[in-house]
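# Build me a structure from this.
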Amino acid sequence: MRKKLLSIAISLFFIWVSGFGLFLRHIQTFENLSSHPCDAVVVFTGKGKRIQAAYTLFQSSNARGFLVSGVEHGVELDDLEINDLKFDGITLGYESYNTHTNALETALWTRKNSFSSICLVTGLYHMPRSLLELRAFLPEVTIQPHAVTPPKLWIQSRKQFFYIISEYHKFCLTHLIQWMGA
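Residues are numbered from 1 along each chain as shown. Just a heads-up that it's a prediction; the model follows:
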């Protein structure tokens, strides 16, 4: 019985490590992507310089809309640390509090404005799960990822290493929930 449990534990560990390796390879596909035209730019708030990166993308594109999803109540446009801020076309989304509700808020806003393509800006490690959530709500919309790379990669920082493991687990859980149809 002990050998069987040990064998199962070792097998599960190798499955986990293999999946984590595939996740890391998947993340690398989001680095240094070229920009394509899109109707709107959406940024999921969080750590790093996501909002500024999204606004820079918005300024350099012909996008008609810009959504900052997951803004804390009480925060206004003036409070955002954005260089050369112009208020035209910017929407602050106050209804989301996690990645799932960011995707829902974005889907409602995208449909309301009849956008057929969006550029999604979020953190590099957060991108796989964000795309998974968003594509579930917007299968008919073209979604282009634009990842913001952290200053220290996961191999350079213990904190980043644990963050990426957390994102891997959340990605697996989200995948499982969607697969089960919940």
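# Low-confidence regions, this structure specifically.
32-34, 46-48, 80-88, 151-155, 182 (pLDDT under 70).
# That one: strands as residue ranges?
The residue ranges that make up the strands of the chain, judged by DSSP state E, are 40-44, 65-69, 90-93, 117-123, 142-148.
# Need those strands in a markdown table (columns: mean neighbour count).
Where you see a C-beta, it was placed from the backbone N, CA and C, and this is true even at glycine. What follows is the strands of the chain, written out as a markdown table (neighbours: other CB atoms under 10 Å):
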| stretch | mean neighbour count |
| --- | --- |
| strand 40-44 | 28 |
| strand 65-69 | 25 |
| strand 90-93 | 18 |
| strand 117-123 | 24 |
| strand 142-148 | 19 |
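# would you turn these into a markdown table with distance to residue 78?
Conversion of these to a markdown table gives the following (distance: least, CB to CB, whole Å):
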| stretch | distance to residue 78 |
| --- | --- |
| strand 40-44 | 17 |
| strand 65-69 | 13 |
| strand 90-93 | 11 |
| strand 117-123 | 21 |
| strand 142-148 | 22 |
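# To residue 55, which of these lies closest?
Smallest distance to residue 55 across the strands of the chain (CB to CB): 7.0 Å, for strand 65-69.
# ok and the closest one relative to strand 117-123, angle-wise?
Orientation check (axes from the mean of the first three to the mean of the last three CA atoms, to 10 degrees): strand 65-69 against strand 117-123 gives 40 degrees.
# Which residues belonging to stretch 16-32 are considered buried?
Buried residues in stretch 16-32, defined by neighbour count with 16 or more other CB atoms under 10 Å: 23, 27, 30.
# Equivalent analysis for stretch 163-171, please.
Within stretch 163-171, the residues that qualify as buried are 163, 164, 167, 168, 170, 171, counting by 16+ other CB under 10 Å.
# In helices only, show me the buried residues of stretch 16-32.
Among the buried residues of stretch 16-32, the residues falling in helices (DSSP state H) are 23, 27.
# Closest one of the buried residues of stretch 16-32 to residue 180?
residue 23 (19.8 Å).
# you'd agree the closest one is up against residue 128?
Yes: here residue 23 reaches residue 128: they are 6.9 Å apart, a contact under CB atoms under 8 Å.
# overlap in contacts of the two?
Common neighbours of residue 23 and residue 128, counting by CB atoms under 8 Å, 6 or more residues apart in numbering, are residue 171.
# quick one: contacts for the closest residue to residue 104 other than its chain neighbours?
In this structure, residue 104 finds its nearest non-sequential neighbour in residue 137, 6.0 Å apart by CB to CB, 6 or more residues apart in numbering. Applying CB under 8 Å, 6+ apart, we find residue 137 in contact with 103, 104, 106, 107.
# now with 10 Å?
Applying CB atoms under 10 Å, 6 or more residues apart in numbering, we find residue 137 in contact with 100, 103, 104, 105, 106, 107, 108, 110, 111.
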